[in-house]
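1. can't give you the sequence, but here's the structure:
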């Protein structure tokens, strides 16, 4: 439909995945001549950075002290009329001048590998994705693509994630269509925190799409997912949902959407105890396009591990000469819990030709890894200012917070402030420096603070192989 105007665990994945990533990048480079990609839009990017960092913390973090950090990144993108291929790989290598046993002088700070391929024809589309990442657990909570129910993590350690996905859409322009999808994600923790469980999540989905009228699109769908955990307090689960949804354009400015589904989830604890939740999922939404943006309204009902969850939201978006703004207000209530307000804001404002402000706030109802009903809040604020044609200053605030409903036990938050300065010192090279401060707190525990100051050089450039 067209849019409206437990203990430390071994990490066997890293060597295999990094080796596979290098092989994939090499294979793409070797094939480019045979397939003529250079003539059809092949672009490569290279990122190089070297910096010194001094870190201190209130809890004796093993990473505190002086270290040298080398970051290398490579990306490749090929775009043709009907296909798009992207491959990227990056790693950060750290040298600790005064390592704390059992820490080594050299270690891998973080690594990432991503692959994406999309093929399109007149009435079909195939999309394949793959990703691997290894990063510090505490830093991972500030990532936009969060992959865990843990909003705030207080322990040290690393997290590895390996994921694959495939989507196939058939007969995308006809009166009848088919959408198929599958994904798999593996999370592995290396930490002394026994509450962090390794997990494997697999999902399958299918939908039959009907376009019987130009202004009506209906879907009949089924989704299945399973989660297999290992570790202390691990919980396996299997869920199935099936139903129908529809979108109807009342006129060229107004769209109404509705969905009805049956949701069943079965959970199995480590001791063999089994619990089951089932019920209806409902949603109703209305969107109205306006000359300066849009209005939206939605109500929904879904099944959580603690009962039936109801939500309502009202939204407004505005497009102004130097500002784009969207906000929403609403509330959520899970059976047996009190009602909690929800808010959302996205703001992009160009203050003048030298400065820009960005704000993003999101709140959502969730069930955390301890099976508690909670509201997750994520806030990010950033300001960028151009000092001269060669120099720039930026500042930012990031906050993640988990509020457990009807209880203060388990409430936690993590906040990070950062300030950075960059100055061009030559062709493609920049001198970078900055300071960051992070505070993590949990109800009933002392705050944990850490700070970091860095100075270094970085270079980014692109070329056509």
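-> Okay, I see it. Computed from a prediction, not measured in an experiment: that's the story for all the values here.

2. any idea how many residues pack against residue 365?
-> 22 (other Cβ atoms under 10 Å). To be clear about C-beta, it is placed using only N, CA and C from the backbone, and glycine gets the same treatment.

3. hmm, residue 337 and it touching each other?
-> No. Using Cβ atoms under 8 Å, residue 365 is not in contact with residue 337, being 9.6 Å away.

4. so what's in contact with the two at the same time?
-> Common contacts of residue 365 and residue 337 (Cβ atoms under 8 Å, 6 or more residues apart in numbering): residue 373.

5. for the stretch 301-450 of the chain, what are the low-confidence residue spans?
-> 369, 408 (pLDDT under 70).

6. show me which residues of stretch 70-85 are buried.
-> For stretch 70-85, the buried set under the neighbour-count rule, 16 or more other Cβ atoms under 10 Å, comprises 71, 73-78, 80, 85.

7. what residues does that stretch touch?
-> 25, 28-29, 32, 37, 40-50, 86-95, 116-121, 458.

8. out of the residues you listed, which are buried?
-> 25, 28, 32, 37, 42-44, 47-49, 86-92, 94, 116-118, 120, 458.

9. excluding its backbone neighbours, what's nearest residue 313?
-> residue 330 (3.4 Å; Cβ to Cβ, 6 or more residues apart in numbering).

10. what sits against the one you found?
-> By Cβ under 8 Å, 6+ apart, the neighbours of residue 330 are 311-314, 341-343.

11. give the buried residues for the strand or helix carrying it.
-> Residue 330 is part of strand 323-334 when elements are defined by DSSP states H and E. For strand 323-334, the neighbour count (16+ other Cβ under 10 Å) marks 325-326, 328, 330, 332-334 as buried.

12. would you list those in CSV and tack on distance to residue 282?
-> Shown next, in CSV, are these (distance: Cβ to Cβ, whole Å):
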residue, distance to residue 282
325, 30
326, 25
328, 19
330, 16
332, 14
333, 14
334, 15
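
13. name the nearest of those residues relative to residue 239.
-> residue 334 (17.1 Å; Cβ to Cβ).

14. apart from its neighbours in sequence, what residue is nearest that closest one?
-> With Cβ to Cβ, 6+ apart, the residue lying closest to residue 334 is residue 309, at 4.5 Å.

15. report the buried residues of the helix or strand encompassing that neighbour.
-> Applying DSSP H and E as the criterion places residue 309 in strand 307-319. For strand 307-319, the neighbour count (16+ other Cβ under 10 Å) marks 308-311, 313, 315, 317 as buried.

16. including distance to residue 198, could the residues you listed go into TSV?
-> As requested, those are exported to TSV (distance: Cβ to Cβ, whole Å):
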residue	distance to residue 198
308	31
309	27
310	33
311	31
313	35
315	38
317	40
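
17. nearest to residue 106, of the residues you listed?
-> For the buried residues of strand 307-319, the nearest to residue 106 is residue 309 (47.7 Å; Cβ to Cβ).

18. OK, contacts around residue 376?
-> With Cβ under 8 Å, 6+ apart, residue 376 has these contacts: 151, 363-366, 400-402.

19. show me the beta-bridge partners of it.
-> Residue 376 has these beta-bridge partners by DSSP bridges: residue 364, residue 402.

20. residue 396 against residue 379, yeah?
-> No. If you go by Cβ under 8 Å, residue 396 and residue 379 don't touch, sitting 10.8 Å apart.

21. now residue 430. Nearest residue, chain neighbours left out?
-> Looking at residue 430 with Cβ to Cβ, 6+ apart, the closest residue is residue 422, at 4.9 Å.

22. the one you found and residue 455 touch, don't they?
-> No. Judged on Cβ under 8 Å, residue 422 makes no contact with residue 455 at a distance of 11.2 Å.

23. so residue 358 belongs to a strand, correct?
-> Yes. The assignment for residue 358 (DSSP: H, G, I helix; E, B strand; the rest coil) places it in a strand.

24. now do the contacts for it.
-> Here residue 358 is in contact with 347-349, 380-384 (Cβ under 8 Å, 6+ apart).

25. from residue 405, how far off is the residue nearest to residue 334?
-> 11 Å (Cβ to Cβ, to the nearest Å).

26. so what sits against both of those two?
-> residue 334.

27. one step back: burial of the residue nearest to residue 430, as a residue count?
-> 17.

28. so which other helices or strands are in contact with whichever strand or helix holds it?
-> Using DSSP H and E, residue 422 sits in strand 412-426. Using 3 or more Cβ pairs under 8 Å, 6 or more residues apart in numbering; DSSP states H and E, the elements in contact with strand 412-426 are strand 391-404, strand 429-442.
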